[in-house]
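[1] The sequence isn't on hand, but the structure is:
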């Protein structure tokens, strides 16, 4: 039977990349589960926009640091949606502290939010897909820092490296169930998390990015929507970088730095 997605959950979809993804999947014909951690109004606004597109929306609070309780939230949303074809793990935390200043509590909080909760939620979502027997799509929004580290972000970098590795392992283990697993790695995107949601990405100057600007949430969502679609049927275990060419600048940027300011946060 051909894979035709009609239900999706997008965690952390109260704003930014999550909201843009929820809308892109609604436009593609999916009813959408929307989660929020602290911005309930934002999640309700996403739901309103999804419904304006003619699709159903369900909304739940999700705290990915509270595992395995967050898995119960996913199961409840699957029941409300009547199934699950696409799971997008987008919820997570940003920020960072230099390695020697990172407390164990900060380390655990970041890793719990970005990796432990993701593990539980993805596992519950995958269990539903396996049970239904119709295949599915698992997509994790990680970061360019899944591939390259950033000064002052030990816990964040480790969590994103871990999530990328988890997705690759899932791709190996669930592929024969018709379930693909892929990661999307945004660079600098104009979102509330980056204090820039109200800014037009095309109007911000970023000389160190080959495209010369940060990205827009919709540009990341478009890649996620492709990975959620039937067109991505032979894409599995891949890491899709959406960064305007930022990662290609490693040696180039290194050879052009004129001060040691990069060593500080």
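    It's in. Computed from a predicted model, the values in this text were never measured in an experiment.

[2] mind showing which ranges of the stretch 151-265 of the chain have poor pLDDT?
    192-199 (pLDDT under 70).

[3] What are the boundaries of the strands in it?
    Under the criterion DSSP state E, counting those that start in this stretch, strands of the stretch 151-265 of the chain are mapped to 179-186, 239-242.

[4] Would you agree residue 106 is in contact with residue 99?
    No. With contact defined as C-beta atoms under 8 Å, residue 106 and residue 99 do not form a contacting pair (11.0 Å). Any C-beta I mention is one placed from the backbone N, CA and C, and that applies to glycine too.

[5] between the strands of the stretch 151-265 of the chain, which gets nearest to residue 71?
    Proximity to residue 71 (C-beta to C-beta) singles out strand 179-186 among those, at 17.1 Å.

[6] Now do the closest one: everything it contacts.
    17, 126, 129-130, 135-144, 146-147, 163-164, 167-168, 170-171, 174, 215, 220, 223-224, 227, 232-233, 235-243 (C-beta atoms under 8 Å, 6 or more residues apart in numbering).

[7] Now intersect the residues you listed with the helices, please.
    Members of the contacts of strand 179-186 lying in helices (criterion: DSSP state H): 17, 126, 129-130, 163-164, 167-168, 170-171, 174, 220, 223-224, 227.

[8] ranking the strands of the stretch 151-265 of the chain by burial, who's on top?
    strand 179-186 (a mean of 25; mean count of other C-beta atoms under 10 Å).

[9] how far does it sit from the chain's center?
    Taking C-alpha atoms, centre = their mean, to the nearest Å, one finds strand 179-186 lying 9 Å from the centre of the chain it belongs to.

[10] I'd like the strands of the stretch 151-265 of the chain as a markdown table, with distance to residue 22 appended.
    Below are the strands of the stretch 151-265 of the chain laid out as a markdown table (distance: least, C-beta to C-beta, whole Å):
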| stretch | distance to residue 22 |
| --- | --- |
| strand 179-186 | 14 |
| strand 239-242 | 17 |
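
[11] before we move on, the earlier item: quick check, nearest of the ones in helices among the contacts of strand 179-186 to residue 32?
    residue 224 (12.3 Å).

[12] I figured that closest one hits residue 88, correct?
    Yes. With contacts counted by C-beta under 8 Å, residue 224 reaches residue 88, the gap being 6.0 Å.

[13] got a list of what the nearest residue to residue 161 once chain neighbours are set aside touches?
    Counting by C-beta to C-beta, 6 or more residues apart in numbering, residue 161 lies nearest to residue 146, which is 5.8 Å off, once chain neighbours are set aside. Contacts for residue 146 were tallied using C-beta under 8 Å, 6+ apart; they are 160, 161, 163, 164, 183, 185, 239.

[14] would you turn those residues into CSV with distance to residue 83?
    Output for the contacts of residue 146, formatted as CSV (distance: C-beta to C-beta, whole Å):
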residue, distance to residue 83
160, 29
161, 32
163, 25
164, 27
183, 24
185, 28
239, 28
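
[15] quick revisit: give me the buried subset of the contacts of strand 179-186.
    Among the contacts of strand 179-186, those scoring as buried are 17, 126, 129, 135-144, 146-147, 163-164, 167-168, 170-171, 174, 215, 220, 223-224, 227, 232, 236, 238-243 (criterion: 16 or more other C-beta atoms under 10 Å).

[16] Next, the contact list for residue 142, please.
    Contacts of residue 142 were listed using C-beta under 8 Å, 6+ apart, and they are 160, 163, 164, 167, 183, 184, 185, 239.

[17] Distance of it relative to residue 61?
    23 Å (C-beta to C-beta, to the nearest Å).

[18] all helices for the stretch 1-150 of the chain, in order.
    For the stretch 1-150 of the chain, the helices defined by DSSP state H, counting those that start in this stretch occupy 16-27, 40-52, 69-81, 104-111, 117-132.
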